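K.L.:
need coordinates for the below:
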Amino acid sequence: MIADEIAILDLLVLVFLLVGVTRQFEGDWQKSYTFVLLILVCYLVPSLMLTACLIDTSKSNLWPTAKDYFLPVALVLLTLSIDLKAIIGLGPKTLFMFVAAILTADLMRVVIG
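P.N.:
Purely as a prediction, here's the structure:
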């Protein structure tokens, strides 16, 4: 069982790399990804590794590290790919609802703690 945080992170990065590389292959790999979505494979393989006791995350500090460092960077990169012209083209009602949802989520985070 792998319990070292760096080894677990390396294993997860390797899984995601293999999923990304196999996506480029032609033939059976391409057919399999038409039935099983890539995001599902990226969630399913690590959960299967945890279920099969291949990795031990009970004493791991990997989630707070990922939450504090990797998640904000991923959100910034995701935001950079937004098509602002298309969002503005949705109309004022849709934009108002979007902003209201954001403000409500922030307010709930402050209220709940």
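K.L.:
and the next element down the chain from the lowest-mean-pLDDT helix or strand in the chain?
P.N.:
Within the chain, no helix or strand scores below helix 28-35, which has a mean of 81 by mean pLDDT, DSSP states H and E. Scanning forward in sequence from helix 28-35, with DSSP states H and E defining helices and strands, the next element found is helix 38-51.
K.L.:
and that following helix, what does it pack onto?
P.N.:
Secondary structure elements in contact with helix 38-51, counted by 3 or more C-beta pairs under 8 Å, 6 or more residues apart in numbering; DSSP states H and E, are helix 5-23. In this view, the C-beta of every residue, glycine as well, is placed from N, C-alpha and C.
K.L.:
can we see that at 10 Å?
P.N.:
Using 3 or more C-beta pairs under 10 Å, 6 or more residues apart in numbering; DSSP states H and E as the contact criterion, the elements in contact with helix 38-51 are helix 5-23, helix 28-35.
K.L.:
which residues are contacting the helix or strand following it?
P.N.:
Counting by DSSP H and E, the element after helix 38-51 in chain order, helix or strand, is helix 62-65. By C-beta atoms under 10 Å, 6 or more residues apart in numbering, the list of residues contacting helix 62-65 from outside reads 5-6, 8-9, 12, 55, 57, 70-71.
K.L.:
do that again at 8 Å, thanks
P.N.:
Residues outside helix 62-65 that contact it (C-beta atoms under 8 Å, 6 or more residues apart in numbering): 5, 8-9, 57.
K.L.:
thinking again about what came up before, which stretch in the helices and strands packed on helix 38-51 is the model least sure about?
P.N.:
The stretch with the lowest mean pLDDT among the helices and strands packed on helix 38-51 is helix 28-35, at a mean of 81.
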